[in-house]
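In: Kindly return the folded structure for what I paste below:
(one chain, ligands or ions: 1)
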Amino acid sequence: MSFYLPESVDCNGELFKVFITKEQIDARIELLGKKLDKDFEDKHPIFIGILNGAFIFLADLMRSVTIPCEVDFMKLSSYGDEKVSSGQVTELKEIDAKVKGRHVILVEDIVDTGLSMKYMVEKMKKHNPASVSVITLLHKKEATKHDVQVDYVGFEIPTKFVLGYGLDYAQEGRNLAQIYALHEEE
Ligand code: 5GP
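Out: Alright, predicted model coming up:
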C-alpha cells in the first residue's frame, strides 16, 4: 500500500506543515505494541477507542500487539469545528461492551487540556473494571490543566494545533497519513 505524504497541505484554507512523519509514527507504535504485549500478557484487555480522532491510531496500535484483545468505541466531542476546545465534553456514543472486571485500555488521539480523558477515566471506573489504563498518541503536556492519568504516550508535543492521522480540522484532514502542524507566521 502506498501513502500520500506531502510536506505541507492546505486544509479549510489554512496551511499545515509536516510535523511527525509516517516513519516516526510507525516506529513509535511498534514500540508501544511491544510494551502493551508485555504489560497486558494474560490480561485479555479491551481497547476502547475514542471516536472520531483515535480510529487510525487504534487500528495501527491493535495490529502491533500480538496478545488476545478486544475492541469497542465511545464517541465524544469537545472541539466542534474549531481549533480550540469548547471546554465541554458531549457524549455522542456509549460503549456496548461489558467492562466489569476487565482490563480496559482507553485509546485517545491527543490529550490537550485533559478534560475529555478525565471524563472518560471517571466514567469507566464506574463500570468497575479490573483496571483502567490510558494511551494517547499525542500529549500537549504544557496545555494539560486537568489532573489526568496518562500511562502511555506516543509523542509529547508543544501547544500547536495538529492535523492528520485521524485528527481533523473542521472534519477534514483525518485521512492524511502523517501528522501536520498549523503553520504560524513568525
Ligand atoms: P482535551 O479534552 O484534552 O482538551 O481535548 C481532547 C480532544 O480535543 C481530542 O480528542 C481531539 O479531538 C481534540 N484536540 C485537541 N488538540 C487538538 C489538535 O491539536 N488538533 C485536533 N485536530 N484536535 C485536537
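
In: Remind me which helix or strand Tyr180 belongs to.
Out: strand 179-182 (DSSP states H and E).

In: Listing partners with orientation, what would you give for that strand?
Out: According to DSSP bridges, strand 179-182 forms sheet pairs with strand 14-20 (antiparallel), strand 162-163 (antiparallel).

In: Compare the ones you listed and give me the one nearest the ligand.
Out: Proximity to the ligand (CB to the nearest ligand atom) singles out strand 162-163 among those, at 4.2 Å. Just so you know, the C-beta spots here come from the backbone N, C-alpha and C atoms, and that holds for glycine as well.

In: before we move on, the earlier item: single out the most deeply packed of the strands paired with strand 179-182.
Out: strand 162-163 (a mean of 24; mean count of other CB atoms under 10 Å).

In: Now it: average pLDDT?
Out: Model confidence over strand 162-163, given as mean pLDDT, is 98.

In: Reformat the strands paired with strand 179-182 as JSON lines; add distance to Val134.
Out: Compiled in JSON lines, the strands paired with strand 179-182 are given as follows (distance: least, CB to CB, whole Å):
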{"stretch": "strand 14-20", "distance to Val134": "20"}
{"stretch": "strand 162-163", "distance to Val134": "19"}
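
In: if we can go back for a sec, how about the strand holding Tyr180, does it reach the ligand?
Out: No - under the criterion of CB under 6 Å from any ligand atom, the ligand is not reached by strand 179-182; the shortest gap measures 8.0 Å.
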